[in-house]
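>>> below are the sequence and a predicted model for it; my questions follow.
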Amino acid sequence: MAKKTVKETKESAQNISVDQPIAEAEPPALEIPNAITVASLAEMMQIGSIDLIKQLMRLGHMYTINDVLDYELAADVAESFGFDVYEPEEETHDATSIVPSTDVDDSKDLVNRPPVVTILGHVDHGKTTILDAIRKTKVVDAEAGGITQHIGAYQVKHNDKLITFLDTPGHEAFTAMRVRGAQVTDIAVLVVAADDGLMPQTQEAIDHITAAGVPMLVCINKMDKPEADPEKIKRQLSERDLLVEDWGGDIISVPVSATKQDGIPDLLENLQLLAEMAELKGNPQKLASGVVVEARLDKRRGPVATALIQTGTLKVGDHITIRDLRGRVKAMLNDQGFKIDQAGPSTPVEILGISGLPEAGDIFNVAPDEKTAKRMVLDYQQTAAHQSTTLEDAYTRIESGLTKYMNLIIKTDVQGSVDAVLNMLNSLNDEQSKIKIIRASAGGITENDVMLASASDAIIIGFNSELQPGASALASQEGIDIRTYKVIYDLTDDVAKALHGLLEPVFKDVIEGEAAVRETFEIGRKGTIAGFYVNKGKITRECTIHVIRNGEHIHEGAIISLKHFKNDVKEVSNGNEGGVLINGFNEFEEGDILEAHRSEQVSKS
Ligand code: GDP
């Protein structure tokens, strides 16, 4: 039976209540929402859930009672029971209340919003255990039997006020979001194990928190251990100019034992204190925008993204755009798996209905209607040219007032040379006031350094420091300049030149090959492989692939996997076929052109 439009069915629907038994003489009409659970649909049709599940099976779909059906399927199955169905009205926001998320907030619309908290620290210092302890003791709806699900973020209630926690501890997630331009964290909790003290990743976490400029709370964990020595930690922090309150500073430190669940209320209390000081406000009176925290492909439900709403109110039915992805919010679930219709600032929600798989850190926006959503995607595609951070454009950026500082990450072979490099940079007289050191430490240049550089628009300077596997590929993907030196004078000379805008570029972009997409293969949750034929040059594993459609550049991403037949290969050359999986892109179409780009060194560094 063909589905009827709202107009066609509205009239007949008016006099029919869904409470009436379906044996009534008039054909029953159902208004089916964009998403509905099997149980709710059965109730609406006044039939048993089992009968509905059986009918779904007959139609070739395996669903259980709590699964969510989209409109199309719900309508099909309802029609197979003899119902007339119609969709709800198009717009979910009444036309007068459509305020774009980018509009300046009217102060009367601003309300307090919960703080968003991220937990960082060295491995094994207890980040996950703390997150679990908080969740266990403080689940918002514990009485109602709600079970928090790991959706990437959750909320707890303390003193009747909410706190939102990002559930992916560690600075990888924190930085990944900043790299993509999203700042979601309001307060960072630095976890240090009382029996261990400050470790390398603690320092890295401190660098990330400082670079992000968010307030920090130090949580001294494992206080139950006999060898716990919180004073040692406070002293170590003071050596890094981080003074906790009882050392005369203003950093709050809270001792806890995550395994014994001691000190958790105190931790939450202090987080609320910091939140109050930060006066966090949000405006629920506009279209929502926010950040994707996590995303996965669900076999039945399609792409599912956990998003944190930063401003506005997100509603079921909203037209949403994420980068070049578009969709309508079919259904929303909260962190306890309950269906909700709308969500305001600082709320984490699972969203169903997006056309593809976004990445953590992607920003989402709501458009007032489908036409605007389409335009927003087009605008994105046209301006998506990658921003890069190189030593030579540091000058332009400072001169044009875009930035005040040239941010540097210094990596050296041994600790002793860190000081030597810093001293030399300090001797650049008035120039040094334009330099900001984001990190200076001994060791190889790692992917983590590149992430930090990308998040803080910094340049990486290596002095006798080796490039670790992966760092170089990530740097070229993120457009980060890594310069390595063996002679300290060359290093400072280049930095001085860069500050005067005299530096020659070291790398230039080279197109190494070109291929045409011939077919596509979906490989489940991992994404879509483009089967291609190389027309020119070659495609190598290290390249960044630019996807061109009808002459338009629509995506740029690193290669996740490159295959020739079934084998993983380093390159596929002219005249051969291959398959490629590209980071952040699954919407290949036959005829798309894949351009393989690589940066090539043009002068000695
Ligand atoms: P993460 O890597 O920072 O997430 O650390 P985990 O939460 O996985 O904890 C690492 C180990 O430390 C686990 O074996 C935990 O059981 C243990 N641990 C965490 N918190 C405490 C604590 O407060 N006291 C003690 N004794 N052990 C803890």
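Yes, it's here. Numbers count the residues shown, from 1 in each chain.

>>> give me the below-cutoff pLDDT ranges for the stretch 501-605 of the chain.
501-508, 525, 601-605 (pLDDT under 70).

>>> now do the strands in it.
In the stretch 501-605 of the chain, the strands defined using DSSP state E, counting those that start in this stretch lie at 507-522, 528-540, 544-549, 552-564, 567-568, 571-573, 577-582, 593-601.

>>> which parts of the stretch 201-350 of the chain sit against the ligand?
221-222, 224-225, 257-259 (CB under 6 Å from any ligand atom). C-beta coordinates here come from the backbone N, C-alpha and C atoms, glycine included.

>>> again, only this time at 5 Å
Within the stretch 201-350 of the chain, the positions lying close to the ligand (CB under 5 Å from any ligand atom) are 221-222, 224, 257-259.

>>> look at the residue of the stretch 351-500 of the chain found nearest the ligand and give its secondary structure.
Here the stretch 351-500 of the chain gets closest to the ligand at one residue, Asn448, 15.5 Å apart by CB to the nearest ligand atom. Of the three states, Asn448 takes helix under DSSP: H, G, I helix; E, B strand; the rest coil.

>>> that one: how many residues sit nearby?
Burial of Asn448 is recorded as 20 neighbouring residues (other CB atoms under 10 Å).

>>> that one reaches Ala205, doesn't it?
No - using CB atoms under 8 Å, Asn448 makes no contact with Ala205, being 10.5 Å away.

>>> list, one by one, the residues from the stretch 51-200 of the chain near the ligand.
Taking CB under 5 Å from any ligand atom as the contact definition, the stretch 51-200 of the chain meets the ligand at 123-129.

>>> looking at those residues, which are in helices?
Secondary structure defined by DSSP state H assigns 127-129 of those to helices.

>>> residue contacts, Ala343?
Residues in contact with Ala343, defined by CB atoms under 8 Å, 6 or more residues apart in numbering, are 288, 309, 313-314, 332, 334, 349.

>>> tell me what it is bridged to.
Leu314 (DSSP bridges).

>>> circling back: I'd like the strands of the stretch 501-605 of the chain written out as CSV, with mean neighbour count and distance to the ligand added.
Converted to CSV, these look like this (neighbours: other CB atoms under 10 Å; distance: least, CB to the nearest ligand atom, whole Å):
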stretch, mean neighbour count, distance to the ligand
strand 507-522, 16, 34
strand 528-540, 19, 33
strand 544-549, 20, 32
strand 552-564, 17, 26
strand 567-568, 8, 31
strand 571-573, 19, 38
strand 577-582, 21, 29
strand 593-601, 18, 35
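
>>> a markdown table please, covering those strands and showing distance to Asp318.
Formatted as a markdown table, those follow (distance: least, CB to CB, whole Å):
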| stretch | distance to Asp318 |
| --- | --- |
| strand 507-522 | 27 |
| strand 528-540 | 26 |
| strand 544-549 | 27 |
| strand 552-564 | 24 |
| strand 567-568 | 41 |
| strand 571-573 | 42 |
| strand 577-582 | 29 |
| strand 593-601 | 33 |
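
>>> for these, which one sits closest to Gly82?
Gly82 lies closest, by CB to CB, to one member of those: strand 507-522, at 35.3 Å.
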